[in-house]
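*Asks:* have a look at this prediction, sequence included:
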Amino acid sequence: MAAADSPSTALRRRDLCSRGIRLAGKMRADVVDLLDVYVEQQGLDASASVAAVEGVPLAAVERWDEQTGTQRLLENLAAYRAFRALLAQMLEEQREQLGEADAGLGRALAAVLLQVSAFTYHLEELLRLESRGIPGEEGDGPPPPPRLSLFEQKLRGLGVLRELAQWAVRSARDLRQLAKPGPATGTAPGLAESP
């Protein structure tokens, strides 16, 4: 791919990766703060065990070092699209449960949702830069939620926020890996490979 080898493309990729790393770091810090508020406001135990949330890929991955750059970007994109849908659902549930009684939690959720949306767009820009088609969103989001009790909604929200914090760490790691120049070409390793 000739465009991936050009110096201006490599510079743009490094710039996008660098900004993405900062976005992921800020998002993680905000999610950790939100987790503390969420646990307190929802009356949960911070050490509560939560099952994996359906529709959210786990941040932990086997053979991370064997993944291509494109695979990393596509997995990140799928995860953040799922988080965007789940956070929007959490925000709606929070508004229904508490109304405006706890506007602070709603604002914090909305702020993280905005960051997730911005990061999703950022990942799409990286894929465009690599001349990769951006997959459609059909089927990317979580399945329609089953009717959950209030307590189950709270636990699901806790699981979503915990996994989002882990994804922010993984995303920064993925972007650092993508920003590294390849040995001879100066391109990021694995980006030219097919997923």
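*Replies:* Sure, I can see it.

*Asks:* so what's Gln115 closest to, chain neighbours aside?
*Replies:* Once flanking residues are discounted, Gln115 sits nearest to Met27: 4.6 Å by CB to CB, 6 or more residues apart in numbering. For the C-beta atoms, the positions are set from N, CA and C on the backbone; glycine is no exception.

*Asks:* that should have said Cys17, apologies.
*Replies:* Ala179 (3.7 Å).

*Asks:* just checking, what's the longest helix in this protein?
*Replies:* Criterion DSSP state H: the longest helix present in the chain is helix 7-42.

*Asks:* and that helix, how far out from the chain's middle?
*Replies:* 9 Å (CA atoms, centre = their mean, to the nearest Å).

*Asks:* and what of stretch 29-43?
*Replies:* Worked out by CA atoms, centre = their mean, stretch 29-43 lies 17 Å from the chain centre.

*Asks:* stretch 105-124 now?
*Replies:* 9 Å.

*Asks:* contacts for it?
*Replies:* 16, 19-20, 23-24, 26-27, 30-31, 33-34, 37-38, 41, 73, 76-77, 80-81, 83-84, 87-88, 90-91, 94-95, 98, 100, 134, 164, 171 (CB atoms under 8 Å, 6 or more residues apart in numbering).

*Asks:* go again using 7 Å as the cut-off
*Replies:* Outside stretch 105-124, the residues that touch it by CB atoms under 7 Å, 6 or more residues apart in numbering are 16, 20, 23-24, 27, 30-31, 34, 37-38, 41, 73, 76-77, 80-81, 83-84, 87-88, 90-91, 94-95, 134.

*Asks:* what helix or strand is the residue nearest to Leu23 when sequence neighbours are not counted on?
*Replies:* Excluding its sequence neighbours, the residue lying closest to Leu23 (CB to CB, 6+ apart) is Phe119, at 5.4 Å. Assessed by DSSP states H and E, Phe119 sits inside helix 103-129.
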